[in-house]
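Visitor: Predicted structure and sequence below. I'll ask about it afterward.
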Amino acid sequence: MLSAPSGGGKTTLRDRLRKRMPDLQYSVSATSRVPRDEEVDGKDYCFLSGEVFRRWIKEEKFIEWANVHGNLYGTPRMFIKKNLKQGKDILLDIDVKGALEIKKRFPDALLVFVAPPSIAVLEKRLRRRGTDTSEEIKKRILTATDEMSAARNYNRVIVNENFEDALAELEGVVRSYKDSIS
Ligand code: 5GP
């Protein structure tokens with residue numbers, strides 16, 4: 001499982017890791033957030049209205065869900081069940097609360113936290129990304145501070161200072177974890 005404050009470079013790292021390790025089954029989360037320009041429904045997220053999302057919660061379709069920055073995000077239970085049954089390795093990109101929830105149910109899960117070199121760098125990256133309003137950026141910075149203190153419960157923290165180094169480290173961590181459990 002991969003977590004990071006938004007703007008930490010996690011999405012690019014995740015996508016590159018998936019290219020290098022195509023056997024990892026990526027769990028596409030559901031969200032009530034509106035899609036960003038480049039995002040594709042069913043690939044990046046399964047985009048749901050708030051109403052449908054809340055119905056899915058009642059119907060217990062999520063293995064975990066959380067309210068992150070005012071939007072709802074959840075991991076679909078069926079996908080996880082099906083892939084675990086087939087003995088596949090699953091990659092999740094979820095927030096700290098969700099990751100710790102899953103770790104409780106699956107204690108052997110590997111938790112990797114991608115940290116920015118500093119909060120100041122994170123803020124700069126979020127502004128440069130240009131996808132969030134100032135208000136959202138403020139919220140994301142506040143959440144990031146909390147998330148970074150929760151990172152002590154993770155198996156590994158990777159500081160994303162240099163992208164290629166962080167990618168190599170991430171791949172190494174995942175491969176040695178896979179070797180250790182197989
Ligand atoms: P973003 O809106 O930037 O795509 O994602 C915001 C945060 O929600 C990120 O930290 C991301 O990891 C988290 N997130 C995405 N999907 C899920 C999910 O299914 N469950 C939980 N708990 N968090 C998620």
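Guide: In hand now; what should we look at?

Visitor: remind me which residues of the chain are low pLDDT?
Guide: Of all residues in the chain, none has pLDDT under 70.

Visitor: Would you map the helices across it?
Guide: For the chain, applying DSSP state H gives helices covering 10-20, 50-58, 77-85, 96-105, 119-129, 134-150, 163-181.

Visitor: So for residue 27, which of these sits nearest?
Guide: Judged by Cβ to Cβ, the one of the helices of the chain that comes nearest to residue 27 is helix 77-85, at 5.6 Å. In short, each C-beta sits where N, CA and C put it, glycine included.

Visitor: Am I right that residue 3 is in contact with residue 97?
Guide: No. Under the criterion of Cβ atoms under 8 Å, residue 3 makes no contact with residue 97, lying 9.3 Å away.

Visitor: Compare the two and say which one has the larger neighbour count.
Guide: The neighbour count for residue 3 versus residue 97, taken as other Cβ atoms under 10 Å, is higher for residue 3 (24 against 18).

Visitor: Please name the bridge partners of that one.
Guide: Counting by DSSP bridges, residue 3 forms beta bridges with residue 113.

Visitor: distance of it from the ligand?
Guide: According to Cβ to the nearest ligand atom, to the nearest Å, residue 3 and the ligand sit 6 Å apart.

Visitor: Over to residue 107?
Guide: In terms of Cβ to the nearest ligand atom, residue 107 sits 18 Å off from the ligand.

Visitor: Got phi/psi on that residue?
Guide: Dihedral angles phi and psi of residue 107 (degrees, to the nearest 10) take the values phi -60, psi -20.

Visitor: Can you report how many residues neighbour it?
Guide: Residue 107: 7 surrounding residues under other Cβ under 10 Å.
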